[in-house]
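S.K.: Turn this into a structure:
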Amino acid sequence: MSKTASGPSPSDSLRFAFGTLTVLPVKVTRWDREAARGGMLCAPLVGLTVGAGAALAGVALLAMGAGPLLAAVATAAVPAALTRGLHLDGLADTADGLGSGKPAEDALRIMKQSDIGPFGVITLLFVLLAQVAALAQAYEVSWGRGALAAVVSAGAARLALTLAARAGVPPARPEGLGAAVAGTVPPRGALLVAAALTAVAAGAGALGGTYGTVRAAVAVGLACLAAELLLRHCTRRFGGVTGDVFGGLAETAATTALVVLSLG
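M.R.: Residues are numbered from 1 along each chain as shown. The predicted structure follows:
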């Protein structure tokens with residue numbers, strides 16, 4: 001990785017975040033640990049942007065007369081398209097690695113293979129079904145509830161990446177995106193970003209009343225908790241994090257947030 005004397009600018013950080021976490025035509029201007037730190041701190045902004053695009057697709061279909069289920073499918077498809085399935089692929093690979101029951105070295109080798117095993121297929125199936133079902137239920141309440149679920153869940157998914165990139169969490173491999181970003185984020189910075197996103201989610205949820213505020217804040221909190229539990233399990237099993245693990249964390253957090261936001 002290249003090194004430069006000066007720290008990354010806000011533009012460098014945003015370019016790193018959008019250039020690595022989406023397929024948007026954004027050129028990464030710096031690829032070093034400092035840029036990675038800034039990029040991972042900006043990851044929730046990427047999530048909010050992706051979530052806004054997903055919400056727009058769902059609401060547009062509802063406006064054209066589509067039902068909640070079709071709107072939910074479109075909403076779930078947009079993040080997959082904007083990431084070229086990166087997080088879903090990571091989820092499947094992580095499931096295969098964990099499900100293999102093999103030692104860390106063998107499990108990591110399984111995760112690097114291009115094919116998807118039975119654990120990965122089953123996990124993808126149920127996670128996508130849960131996401132679509134939760135979004136459909138939210139859209140049945142109102143288009144605003146569905147749009148909120150799309151945006152908040154996408155933000156929570158990328159917040160999970162920020163938290164997982166904190167100092168003290170080691171990489172499982174010496175190479176790859178996981179190694180590039182692992183341990184780059186100061187814990188205090190990660191907590192400040194988490195607090196900021198929770199406040200934004202709670203503020204947006206306030207449009208649905210006091211209960212909406214609480215529900216949105218709880219959704220972010222439980223999403224982070226679910227991702228943290230998976231992170232700790234993967235760290236014990238693999239010896240650290242990989243790019244696939246980051247993807248699995250994002251989808252876990254998104255699904256948890258969607259389920260919470262669909263209730264009540």
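S.K.: just the strands in the stretch 151-264 of the chain please.
M.R.: Under the criterion DSSP state E, counting those that start in this stretch, the stretch 151-264 of the chain carries no strands.
S.K.: How about the stretch 1-150 of the chain?
M.R.: Counting by DSSP E, counting those that start in this stretch, the stretch 1-150 of the chain contains no strands.
S.K.: What separation is there between the nearest residue to Gly203 once chain neighbours are set aside and Leu261?
M.R.: In space, not counting the residues next to it along the chain, Gly203 is nearest to Thr213; the distance is 7.6 Å by Cβ to Cβ, 6 or more residues apart in numbering. (C-beta placed from N, C-alpha, C; glycine too.) Applying Cβ to Cβ, to the nearest Å, the value for Thr213 to Leu261 is 12 Å.
S.K.: With Ser6 instead?
M.R.: 41 Å.
S.K.: More neighbours: which of the two?
M.R.: Leu261 (30 against 8; other Cβ atoms under 10 Å).
S.K.: Kindly format the C-alpha coordinates of the helix or strand of the chain with the lowest mean pLDDT as PDB.
M.R.: The least trusted helix or strand in the chain, going by mean pLDDT, DSSP states H and E, turns out to be helix 177-181, with a mean of 88. The C-alpha trace of helix 177-181 is given here as PDB (Å, rounded to 0.1, in the frame of the first residue of the first chain):
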ATOM      1  CA  LEU A 177      -9.700  -5.800   1.800                       C
ATOM      2  CA  GLY A 178     -10.200  -7.200   5.300                       C
ATOM      3  CA  ALA A 179      -6.500  -6.700   6.000                       C
ATOM      4  CA  ALA A 180      -6.500  -3.300   4.400                       C
ATOM      5  CA  VAL A 181      -9.200  -1.900   6.800                       C
END
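S.K.: That one: how far from the chain's middle?
M.R.: Chain-centre distance of helix 177-181: 15 Å, with Cα atoms, centre = their mean, to the nearest Å.
S.K.: Show me what that helix is packed against.
M.R.: Secondary-structure packing of helix 177-181 (3 or more Cβ pairs under 8 Å, 6 or more residues apart in numbering; DSSP states H and E): helix 33-41, helix 243-262.
S.K.: got the angle for the longest helix belonging to the chain vs helix 243-262?
M.R.: Longest helix in the chain, counting residues (DSSP state H): helix 210-238. Per axes from the mean of the first three to the mean of the last three Cα atoms, to 10 degrees, the angle that helix 210-238 makes with helix 243-262 is 160 degrees.
S.K.: For helix 210-238, buried residues please.
M.R.: 212-213, 215-224, 226-228, 230-231, 234-235, 237-238 (16 or more other Cβ atoms under 10 Å).
S.K.: Stretch 113-128 too?
M.R.: For stretch 113-128, using 16+ other Cβ under 10 Å, the buried residues are Ile116, Gly117, Phe119, Gly120, Thr123, Leu124, Val127, Leu128.
S.K.: Could you dump the helices and strands packed on helix 177-181 into JSON lines and include mean pLDDT?
M.R.: Formatted as JSON lines, the helices and strands packed on helix 177-181 follow (pLDDT from 0 to 100):
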{"stretch": "helix 33-41", "mean pLDDT": "95"}
{"stretch": "helix 243-262", "mean pLDDT": "97"}
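S.K.: most tightly surrounded among those helices?
M.R.: helix 243-262 (a mean of 28; mean count of other Cβ atoms under 10 Å).
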